[in-house]
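[1] My questions are about this predicted structure, shown below with the sequence.
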Amino acid sequence: MTRQTFEKASLVSIIMPVYNGSSFISSTIESILNQTYTNFELLILDDFSSDNSIEIIKSFKDERIKLFTNKKNIGYIKGLNFLIKNSKGEFIARNDQDDISLPDRLDKQINLFKRKPRLSIVGGQIKTFGEYCKKVSYPVNYSDCKSQLLFNTCLHHPTVIFKRRKIEKFITKLYDENRAPSEDYDLWTKLSLYLKIENVPDIILKYRIHKNNYSTLHQEKQFENNLIVRENYFKNYLNMPIKKEENILINKIIYGQHLTKENFFEFAIFLNNILSYAKNHTDFSSIKQIISFYWLKSLINYKSIDLSLLRLFVKNNKLISLKIFLNTFYLKKILYRI
């Protein structure tokens, strides 16, 4: 199949809910219209904005843009589900109102689907900008993605593109409003058990950091819902129960919260328990690597290491797999300062 034929056959529906996005929406739309992959529709839902977002959106004269407007605010998750329902593409792609998709983003993702037809969901690497700049690494292969989901999401939500028909075989209403703002983490943990997920190895999106980021504004609720999502995933992926205090400990490490010396001893026991449950798992090598990474992450994030903690790390040397230094994903995480 030639590139021209593939583009003609593969319409991409890019969905973008907007609420008071006038500060950044113009540059975001420009980044989408400038994609080198051109067979797409851009569906925008203005969720009853009180600024001039609608006027800015209407200033773009491109027939690929389809604007919907709400007469009342329905929220981010309902907006996503509405746009998916009204899209026509074989592929559904995400983009937030304040992020910048690099010009070859869609090209790289569609090409990965072409090379690997069994893939259902594809994300990519990002670089933050705005209040601070940092490269952020996500796992590339399917096994590493599933293992990463034990701790946190394996995809950066605004980079995601997926095959709608494959996903709709398992879930009719994609995003669960009750799991917001962990709705994406919840979705990937469910779908990863049946469908293949990967990330392209290249940076494809610039993620804007500012005081009104959705996840930042709702971090407390995200913390709570992460516990529910993670508990279910441990059960379904490893057939392993997870205690609430163990679950909370993972959240503390992910969010960079303070750890006590006792937390390290608890974490070591928990990680060893994961290894025992995963010893015959098909993804054991990847699970061992993700455990190694989070064991190192807990040490790096802790500021005061004494002799007893060093002994603890030495005693639990089996938690460290040297393969993480051969894995581009983990090597980048370490080089990017976790």
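    Received it, and whenever you're ready, just let me know what you need.

[2] looking at this, V122 is in a strand?
    Yes. Read with DSSP: H, G, I helix; E, B strand; the rest coil, V122 is one of the residues of a strand.

[3] Beta-bridge partners for it, please?
    As for beta bridges, V122 partners with I161, E198 under DSSP bridges.

[4] show me what contacts it?
    Going by Cβ atoms under 8 Å, 6 or more residues apart in numbering, V122 touches Q109, L112, F113, V160, I161, F162, I197, E198, N199, V200. Every C-beta, even on glycine, is put in place using the N, C-alpha and C of the backbone.

[5] Show the subsequent helix or strand relative to the lowest-mean-pLDDT helix or strand in the chain.
    Lowest by mean pLDDT, DSSP states H and E among the helices and strands of the chain is helix 3-9, with a mean of 54. Remark: after helix 3-9, the chain's next helix or strand is strand 12-18, criterion DSSP states H and E.

[6] Okay, now the sheet partners of that next one, with direction.
    Partners of strand 12-18, by DSSP bridges, with direction: strand 40-46 (parallel), strand 91-94 (parallel).

[7] measure the nearest residue to S298 once chain neighbours are set aside to T260 for me?
    Excluding the flanking residues, the one nearest S298 by Cβ to Cβ, 6 or more residues apart in numbering is I253, at 5.4 Å. Counting by Cβ to Cβ, to the nearest Å, the gap from I253 to T260 is 12 Å.

[8] And these two? Which one has more around it.
    Counted by other Cβ atoms under 10 Å, I253 and T260 do not tie: I253 has more neighbours, with 20 against 10.

[9] Figure out the helix or strand that that one lives in.
    I253 belongs to helix 244-254, assigned by DSSP H and E.

[10] Which positions in the very next helix or strand once past that helix come out as buried?
    Remark: after helix 244-254, the chain's next helix or strand is helix 261-278, criterion DSSP H and E. Residues of helix 261-278 classed as buried: N263, F264, F267, A268, F270, L271, I274, A278 (neighbour count, 16 or more other Cβ atoms under 10 Å).

[11] Determine the set of other helices and strands touching helix 261-278.
    Contacts defined by 3 or more Cβ pairs under 8 Å, 6 or more residues apart in numbering; DSSP states H and E place helix 261-278 against helix 244-254, helix 284-301, helix 307-315.

[12] As CSV, the ones you listed with mean pLDDT would be great.
    Formatted as CSV, those follow (pLDDT from 0 to 100):
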stretch, mean pLDDT
helix 244-254, 96
helix 284-301, 90
helix 307-315, 76
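
[13] Show me which of the ones you listed has the highest average neighbour count.
    Of the helices and strands packed on helix 261-278, the one with the most neighbours on average (mean count of other Cβ atoms under 10 Å) is helix 284-301, at a mean of 20.
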